[in-house]
Each structure stands twice: as C-alpha cells, then as structure tokens.
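Undergrad: Make a model of this:
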Amino acid sequence: MAETSPRQGAAKAAVVTGSESGIGRATALELARQGYDIGVTWFAHEAEGRATADQVRRLGRRAEVRPLDLSGLPGPERVVDEFAGDFGRLDVLVNAAGMNRPGPFTELTYDDFRQVLSVDLEGPFLLSQRAALRMIEQGEGGRIVNITSVHEHTPLPSAAAYNTAKHGLGGLTKSMALELAGHGITVNAVAPGLIATGMSGMAGVDVHTVHRPALPVSRPGDPREIASLVGWLVSEGAAYTTGQSYVVDGGFTIANPQFTTVDFGADD
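TA: Numbering: from 1, shown residues only. Have a look, this model is predicted:
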C-alpha cells in the first residue's frame, strides 16, 4: 500500500489524467503555475507524457509520470494511490482522459460501446472514488473536476456511446458533489465545445486562424481556455461551488446550429 498520510510541509498535489496532450496537458500546466506538483498520465504516447512533465518541471514544480489505460478496469485506478504515495498527499483530481467511437447507432458494436463507457465514465468513477478516500483521510478537503463535453447537455449525432458516457459523467458529478461536500471536497464538471485538440483533428492549431461561422464565437476554443476554468474551480475562490457543469463552447448551445454546418467533431 502506498503512503497514506501527507508529509509535513508537502506541496499540494494534483493528478491530471490524459495529460499527454490537449486539454489534459493545458490543465496540468495551469495547475503547475498555481503551485501544484503534478501527476501526469499518458495512454498512447509516453514521449508526450514525459514532454508534459518536462514542461511542468520548467515551471518549478515536481512531476511524476505513469501510463493509464482505462479500457481494462478495474485495476488502473490504483494510479491515484501511486501518485499520492509519490507526493505524500493528493489535493486535486482532474479526469480529462477520454475517447470516442463514432458511428451510426444501429452499427455501433457492443465492444465499442463498452470501451467508451469504460474510459469516459467508469474510469472517472473509480479514479474519483480512490481520490475521495485519500482526501477524506487527509481531512483537508479537495477538488475533483470532470471534463465532460457540451454533449453532456446536447447529443452529438452518430456518437451514442460518447453521449451516454458524458451524460452519465454529468450525473456522477452531481452525485459525488452531494455526498462529498461534508468532507470539504467539491466536485464540478467542465463541458467543452469544439476545442483544438487531437480528437478534433486540430492539435496545435492557432484557433484564431480557423473560421467556424455557425458558432457565435466563430472559432474553435484553445485548450488553455478550458484549463483556466479548471484552475478557478480548484482555487479557494471556488470553495462554495459544487455540483455544477460549466459549458465552454463559443456559444454553440445558445445558437443551436445544425451539426452538418459546424463540422463539430469531439472535444477532449
């Protein structure tokens, strides 16, 4: 069993899943700027996970790196305990890892449906459970933030598994918030719209060079625009905020454009 009690004087620590790229990486760096040591996880590209860790260290914070494959549960959730042992404590968990298997509902295989739910819903459940137990044991409260999607609130065509998982993660967020508030642990969701990441096919793109006329803010979002909200949600200024889902979508949900004209893609 990893170390369970916080070391005297240990810096605050955050675990950010899916932090090898995109929203996860931007969030890891935002929290490092706020003074957190960071547990970085990677799934497909170890070198990218280590690159995130190097950027965290250049910001003057400690980083530890581990692989995380949420398609083979249970078991991988123990990474939370491993990071808590590394850092001597755990203060923040951000569930940013996610995937999609698009396709028409009538052609969606059971295996694909189950894999998306495993990664996007069951993984965050088990990781959050481990994190909450650590935070309760420490007795100092904590923060859990789930990266859902605008499709937590409105469905994406040909993405039944993704929609189901993200709707479920929104409900799980509220349930955890209700049960954990008495321990000083807040739980919130951030629901991104179209963001320039690998999943949307726009990793590394300057968002101001991409025009999406169907959106009121007629461009994709930058991962840092999601990370900045996560940064606030884990701050002391958000201590009275829990059980909420914050949509960051350039106005997509208020405009309600046709998906065929937006080329919406997915978001994580």
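Undergrad: quick check: mean pLDDT across stretch 98-107?
TA: Per-residue pLDDT values across stretch 98-107 average out to 95.
Undergrad: Can you measure across that stretch, start residue to end residue?
TA: End-to-end span of stretch 98-107 (Cα to Cα, to the nearest Å): 21 Å.
Undergrad: Could you do stretch 62-75 as well?
TA: First-to-last residue span, stretch 62-75, Cα to Cα: 25 Å.
Undergrad: Would you mind listing the outside residues contacting it?
TA: For stretch 62-75, the surrounding residues in contact (Cβ atoms under 8 Å, 6 or more residues apart in numbering) are 11, 17-18, 28, 32, 37-43, 46, 49-50, 52-54, 56-57, 76, 79, 82-83, 86-87, 97, 115, 118-119, 122-123, 126. In this view, the C-beta of every residue, glycine as well, is placed from N, C-alpha and C.
Undergrad: For the closest residue to residue 164 other than its chain neighbours, grab the count of nearby residues.
TA: Spatial nearest neighbour of residue 164, excluding adjacent residues (Cβ to Cβ, 6 or more residues apart in numbering): residue 117 at 6.7 Å. Per other Cβ atoms under 10 Å, the neighbour tally for residue 117 reads 17.
Undergrad: please begin residue numbering at 221 from this point
TA: Right, with 221 as the first residue, what we last looked at is residue 337.
Undergrad: Can you say which helix or strand has residue 337 in it?
TA: helix 330-337 (DSSP states H and E).
Undergrad: and the next element down the chain from the one helix or strand residue 399 maps to?
TA: Assigned by DSSP H and E, residue 399 belongs to helix 380-400. Once helix 380-400 ends, the next helix or strand along the chain (criterion: DSSP H and E) is strand 405-412.
Undergrad: that older thread, can you pull the buried residues of the helix holding residue 337?
TA: Across helix 330-337, burial judged by 16 or more other Cβ atoms under 10 Å covers 332, 333, 335, 336, 337.
Undergrad: picking up where we left off before, the residue nearest to residue 384: what's it in contact with?
TA: Contacts for residue 337 (Cβ under 8 Å, 6+ apart) come out as 381, 384, 385, 388.
Undergrad: Tell me the one of the residues you listed nearest residue 428?
TA: Nearest to residue 428 among the contacts of residue 337 is residue 385, at 31.0 Å by Cβ to Cβ.
Undergrad: Could you measure from that closest one over to residue 409?
TA: 13 Å (Cβ to Cβ, to the nearest Å).
Undergrad: Please apply the same query to residue 288.
TA: According to Cβ to Cβ, residue 288 stands 20 Å off from residue 409.
Undergrad: Have a look at the two and say which one is more surrounded.
TA: When neighbours are counted by other Cβ under 10 Å, residue 288 and residue 409 differ, and residue 409 comes out ahead with 27 against 23.
Undergrad: I figured residue 368 was touching residue 410, is that so?
TA: Yes - Residue 368 is within contact range of residue 410, at 7.0 Å (criterion: Cβ atoms under 8 Å).
Undergrad: For those two, indicate the residue with more neighbours.
TA: residue 368 (31 against 26).
Undergrad: if we can go back for a sec, out of the contacts of stretch 282-295, which end up buried?
TA: Looks like those have 237-238, 248, 252, 257-263, 269, 272-273, 276, 296, 299, 303, 306-307, 317, 335, 338-339, 342-343, 346 buried, using 16+ other Cβ under 10 Å.
Undergrad: show me the contacts for residue 384.
TA: Residue 384 sits next to 333, 336, 337, 341 when contact means Cβ under 8 Å, 6+ apart.
Undergrad: Please name the nearest non-neighbouring residue to the first one.
TA: In space, residue 333 comes closest to residue 381 once its chain neighbours are excluded; the distance is 4.5 Å by Cβ to Cβ, 6+ apart.
Undergrad: Before I go, just wanted to say thanks for your time.
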